[in-house]
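Undergrad: generate a structure from the sequence data that follows.
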Amino acid sequence: MDEDNAVIRRTRTVRGAVSAGIVGATVIGLGAGVLPWWQVLALAVPVAGLAGWAGSRIGRIDAIRAARLEPGERVIGTYAVRPPHTGHTPPSPHEGAQYHLRVTSRGVEMWERAELLWKHPWPELRVIVDGSRLRIHHLGQEAGTMLLERPGAAAEVRLAAQRHGVA
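TA: A predicted model of the protein is given here:
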């Protein structure tokens with residue numbers, strides 16, 4: 001059943017990406033009024049192909065992450081995390097963020113694209129917000145100090161932790 005849902009989500013992601021690519025190319029081409037319809041169509045086909053490829057990659061990663069959820073567990077939020085060190089080469093724009101912190105109803109997970117780096121349940125955690133940085137301690141040891149991409153995201157994670165009884 002979960003595999004069926006993952007396939008459905010992946011298919012919807014690909015369809016949505018292809019549709020967005022076609023609509024985007026058409027609106028830009030026709031909206032500018034500088035290209036005839038047949039040139040817009042010629043532009044829309046490769047854009048749709050690239051959008052479908054990107055959508056399939058996103059859908060695959062989403063399906064892998066969804067498969068790791070335990071029965072009854074739900075995702076509260078997913079946050080892009082900046083790379084942990086300055087010597088890191090940033091990913092290409094089409095790849096999206098490399099690291100994600102996923103907050104669920106049972107705990108916190110750190111992902112590097114489709115690979116789960118660590119997962120800790122709420123009762124074993126201590127979450128500290130230090131300015132814009134989020135520090136997570138697991139059983140007295142520091143699991144990670146991270147800078148979340150979106151402003152205010154660290155405070156959102158802290159609020160979720162408080163709702164789940166974390167100090």
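
Undergrad: hmm, E149 and A97 touching each other?
TA: Yes - counting by CB atoms under 8 Å, E149 is a contact partner of A97 at 6.7 Å. Any C-beta I mention is one placed from the backbone N, CA and C, and that applies to glycine too.

Undergrad: neighbour count: those two, which is higher?
TA: A97 (17 against 14; other CB atoms under 10 Å).

Undergrad: pretty sure the more buried one is in a strand, no?
TA: No - counting by DSSP: H, G, I helix; E, B strand; the rest coil, A97 falls outside a strand, being coil.

Undergrad: for this structure, what are the low-confidence residue spans?
TA: Within the chain, the segments meeting pLDDT under 70 span 1-34, 83-96, 167.

Undergrad: run through the residues that contact L117.
TA: 110-111 (CB atoms under 8 Å, 6 or more residues apart in numbering).

Undergrad: element containing it, please.
TA: strand 115-121 (DSSP states H and E).

Undergrad: kindly report the same for E109.
TA: strand 107-112.

Undergrad: what do you get for G77?
TA: strand 75-81.

Undergrad: and that strand, what does it pack against?
TA: strand 99-104, helix 153-163 (3 or more CB pairs under 8 Å, 6 or more residues apart in numbering; DSSP states H and E).

Undergrad: would you mind listing the buried residues in the strand holding E109?
TA: Across strand 107-112, burial judged by 16 or more other CB atoms under 10 Å covers 107-111.

Undergrad: can you tell me which residues contact A143?
TA: Counted by CB under 8 Å, 6+ apart, A143 has contacts 110, 118, 120, 125, 136-137.

Undergrad: switch the cut-off to 7 Å
TA: Applying CB atoms under 7 Å, 6 or more residues apart in numbering, we find A143 in contact with 118, 120, 136-137.

Undergrad: now do G77
TA: Applying CB under 7 Å, 6+ apart, the residues contacting G77 are 103, 156.

Undergrad: repeat for E70
TA: R106.

Undergrad: just checking, V127 touches V166?
TA: Yes - between V127 and V166 there is a contact under CB atoms under 7 Å: 5.5 Å.

Undergrad: distance of P123 from R74?
TA: Distance, P123 to R74, by CB to CB, to the nearest Å: 17 Å.

Undergrad: an error on my part: the question was meant for A80.
TA: 20 Å.

Undergrad: for the two, indicate the residue with more neighbours.
TA: A80 (14 against 8).

Undergrad: how near is the more buried one to A155?
TA: 16 Å.
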